[in-house]
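> 3D model of this:
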Amino acid sequence: MLSKTRGMPVHSAAPGVIPDTITGQLSNGAPVARGQRAPVAQAAGEESRRGRRHRNAHLTRLHGYAIAAVALVAYLIALAASNTAHIKVNWVFGSSHVSLVWLVLFAAILGWLLGLATSARFHWRTRAPRRQHGARS
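Numbers count the residues shown, from 1 in each chain. This next block holds a predicted model:
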């Protein structure tokens, strides 16, 4: 008796009885030996519950990042708009008048760059020692 499945036909030992195991090859070409059950293949285009949950969680995180980015940009625009007054800045050797928003922006960028430089310096000073070319341990 021939089955109407994809792959190679399966012959039953008794006429009219469908065997519980498949022998031959699966549709993806992987061999299945007698006595082994063929893995349950998902239909094309279907995803598992775990896959769907993972995809939805990833999508939710992306939406969260987008909302946070929009909120941050709106906050920065509001901060800049509310701090347009000119202030007197006293330097060590003089003073000047500058818009407060430019002073805050300059201080933020300077702090970020100094943080990067400090992090790179710490990384450089605490890295593992390199082995010399030709030195054996």
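
> let me see the domain layout of this protein.
Domain assignment for the chain by automatic domain parsing gives 1-39, 49-82, 85-125.

> which other helices and strands contact the helix or strand Val70 falls within?
Under the criterion of DSSP states H and E, Val70 resides in helix 49-82. If contacts are counted by 3 or more Cβ pairs under 8 Å, 6 or more residues apart in numbering; DSSP states H and E, helix 49-82 sits against helix 100-125. The way it works is simple: take the backbone N, C-alpha and C, and place the C-beta from them, glycine included.

> show me what the helix it packs on is packed up against.
Going by 3+ Cβ pairs under 8 Å, 6+ apart, helix 100-125 lies up against helix 49-82, strand 86-91.

> for Phe122, find the nearest of those.
helix 49-82 (27.3 Å; Cβ to Cβ).

> list the buried ones in the helix holding Val70?
For helix 49-82, burial by neighbour count (16 or more other Cβ atoms under 10 Å) applies to no residue.

> what's the angle between that helix and helix 100-125?
Orientation of helix 49-82 against helix 100-125 (axes from the mean of the first three to the mean of the last three Cα atoms, to 10 degrees) gives an angle of 130 degrees.

> make CSV out of the helices and strands packed on helix 100-125 and add mean pLDDT and distance to Leu110.
Below are the helices and strands packed on helix 100-125 laid out as CSV (pLDDT from 0 to 100; distance: least, Cβ to Cβ, whole Å):
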stretch, mean pLDDT, distance to Leu110
helix 49-82, 92, 17
strand 86-91, 88, 14
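
> want to throw those into a markdown table with distance to Phe122?
A markdown table is the format used below for these (distance: least, Cβ to Cβ, whole Å):
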| stretch | distance to Phe122 |
| --- | --- |
| helix 49-82 | 27 |
| strand 86-91 | 30 |
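
> distance of Ser48 from Ile77?
43 Å (Cβ to Cβ, to the nearest Å).

> for the helices and strands packed on helix 100-125, which one sits closest to Trp112?
So among those, helix 49-82 is nearest, using Cβ to Cβ, at 14.0 Å.
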